[in-house]
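Asker: for reference, the sequence and a predicted model appear below.
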Amino acid sequence: MSETVVKIENLVKNYKNLTAVDHFNLEIKEGEILGLLGPNGSGKTTTLNCLLSLLSFHEGKIEVFGEKMKPESYSLKKNIGVIFQNVAVFDTLTVYENIDFFCGLYIEEKALRKKYVEEAIQFVELGDFKNYYPKKLSGGLLRRLNIACGIAHKPKLIVLDEPTVAVDPQSRNKILEGILELNKQGATIIYTSHYMEEVEEICSRIVIMDKGKNLAEGTAEELKRRIKNNETIYIDIRSLPAEDMDNIRQLKHVYSVEYSEERLTVKCDGGNHNLIHVMDYLQERGISFGRVHSELPTLNDVFLEITGKELRD
Ligand SMILES: Nc1ncnc2c1ncn2[C@@H]1O[C@H](COP(=O)(O)OP(=O)(O)OP(=O)(O)O)[C@@H](O)[C@H]1O
């Protein structure tokens, strides 16, 4: 059985009257890419800061690599790489010097450090920018430098806090590919985001977090299977009498019907031919319609069913 890398038990963190993390539990096994998914303000960063011993907390227990995590746990911290949402590099150092500085916090031996710095530069594809100062880098390249600084010392646990916020699609893809590669090379990853598509794309397991609580966890498929929704149908219709809405609501497997801004939304809880049944009904009634499409459940649907609100901003 694989080893437990992170164990958080009943974590509580308050900021004055606000409970930012509320009896939060989480266990992460070696080799996982754990996605911590929650809207802004749900407590993701606070949880990570407690995990990293950057913040003290009021209740609970945190273990990393089987040992209690404390501010002075240097031997544990050596094996952790952190990439924060805000880029944290020195403007007065070049790309190479920045990575060398952060790597040097953990790797003393000069030749090994040089090798690691070169490998990190290659990994984030910043070879052509080694002697550039951060101010000369685009936003995406700066993010990649931030990542190189966090991973150059080859940590076994890598924590990434929303690394793709405000990143262009090309750099975003590079970052996601890079995370998968680091995981392939053996690192366990914690990845926080409020972008459900990203979390679904790369994470082997997902924790849905809101108001400081762990609301649900599992693979994306497991989470989706747990909810009632299994298909949402969207049909553009100019106008739809209330009577027809009621009739559509009576169709097999339909559990929710909404009509607004000339769009009918039908949610179904099972069945294979729901779209055909709804279209057949509209045709029988002589109701003309435009664009039609059907979606399988998303993590947003999971979030919506659990919390009653959308995960999307
Ligand atoms: N230093 C602080 N003092 C007071 N309240 C804080 C502090 N830091 C965070 N909070 C509050 O704690 C709650 C959780 O915030 P946190 O930053 O952990 O959430 P998050 O899920 O990481 O959100 P985001 O995606 O915006 O970073 C929020 O209500 C936030 O306003």
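Answerer: On my side now, so go ahead. Residues are numbered from 1 along each chain as shown.

Asker: and the pLDDT for residue 163?
Answerer: Turning to residue 163, the model gives it a pLDDT of 87.

Asker: tell me if I'm right that it and residue 83 touch.
Answerer: Yes. Residue 163 is within contact range of residue 83, at 5.4 Å (criterion: C-beta atoms under 8 Å). Yep, even glycine has a C-beta here, placed from its N, CA and C like the rest.

Asker: of the two, who's got more company?
Answerer: Set side by side, residue 163 and residue 83 show more neighbours around residue 163, with 25 against 22, by other C-beta atoms under 10 Å.

Asker: spell out which parts of the stretch 101-250 of the chain neighbour the ligand.
Answerer: By C-beta under 6 Å from any ligand atom, the residues of the stretch 101-250 of the chain that approach the ligand are 162, 194.

Asker: the stretch 101-250 of the chain: helices as residue ranges?
Answerer: In chain order, the stretch 101-250 of the chain shows helices spanning 110-123, 139-151, 169-184, 196-202, 220-225, 242-249, with DSSP state H, counting those that start in this stretch as the criterion.

Asker: show me which residues of the second one are buried.
Answerer: Residues of helix 139-151 classed as buried: 140, 141, 142, 143, 144, 145, 146, 147, 148, 149, 150, 151 (neighbour count, 16 or more other C-beta atoms under 10 Å).

Asker: same check on the shortest one?
Answerer: Residues of helix 220-225 classed as buried: 220, 223, 224 (neighbour count, 16+ other C-beta under 10 Å).

Asker: again, but for stretch 189-202
Answerer: Going by 16+ other C-beta under 10 Å, stretch 189-202 has these buried residues: 189, 190, 191, 192, 193, 194, 195, 196, 198, 199, 200, 202.

Asker: so which of those is the closest to residue 74?
Answerer: Of all the buried residues of stretch 189-202, the one sitting nearest residue 74 is residue 190; the distance, using C-beta to C-beta, is 20.0 Å.

Asker: which residues touch the nearest residue to that closest one once chain neighbours are set aside?
Answerer: For residue 190, the nearest residue in space outside its immediate sequence neighbours is residue 159; the separation is 4.7 Å by C-beta to C-beta, 6 or more residues apart in numbering. Under the criterion of C-beta atoms under 8 Å, 6 or more residues apart in numbering, the contact partners of residue 159 comprise 48, 51, 52, 80, 81, 82, 83, 189, 190.
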